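Participant: The following block contains a protein sequence and its predicted model.
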Amino acid sequence: MAEQFAVGDHVRWNSEAGHVEGTIIEKHTRDVEWKGYTHHCSESDPQYEIRSDRTDHIALHKGGALTKVPGP
């Protein structure tokens, strides 16, 4: 099982542009429609909405793609 994170946690993930850091703004534990696709989520396998520190872009990722890092 992937590590669980909480709203407010500062995390890092890998994107096409390299490593990105941001803050979790929402935790989804039920399936969610996101940019035209259904993302499957559950209590044991949530997905997280994260706001990028640099661009304010919002991304959605599973916990397995994230690493907790110290905040800015």
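Facilitator: Arrived safely, thanks for sending. Note that the structure is a prediction, hence the values are computed from the model and not measured.
Participant: separation between the residue of the chain positioned farthest from its centre and Ala6?
Facilitator: When distances are taken from the C-alpha mean of the chain, Gly36 lies farthest, 17.5 Å away, according to CA atoms, centre = their mean. According to CB to CB, to the nearest Å, Gly36 and Ala6 sit 28 Å apart. In this view, the C-beta of every residue, glycine as well, is placed from N, C-alpha and C.
Participant: Likewise for Arg54?
Facilitator: Distance of Arg54 to Ala6, given as CB to CB: 22 Å.
Participant: next one: Asn14
Facilitator: To Ala6, Asn14 is 21 Å away according to CB to CB.
Participant: The two: which is more packed in?
Facilitator: Asn14 (12 against 9; other CB atoms under 10 Å).
Participant: And the more buried one, its phi and psi?
Facilitator: Backbone torsions of Asn14, given as degrees, to the nearest 10, read phi -100, psi 130.
Participant: when you give positions from now on, start the count at 168
Facilitator: All set: I'll call the first residue 168, so the last point we hit is now Asn181.
Participant: Packing partners of the helix or strand that His228 is a member of?
Facilitator: For His228, the host element (DSSP states H and E) is strand 225-229. Judged by 3 or more CB pairs under 8 Å, 6 or more residues apart in numbering; DSSP states H and E, strand 225-229 is in contact with strand 177-182, strand 185-195, strand 214-219.
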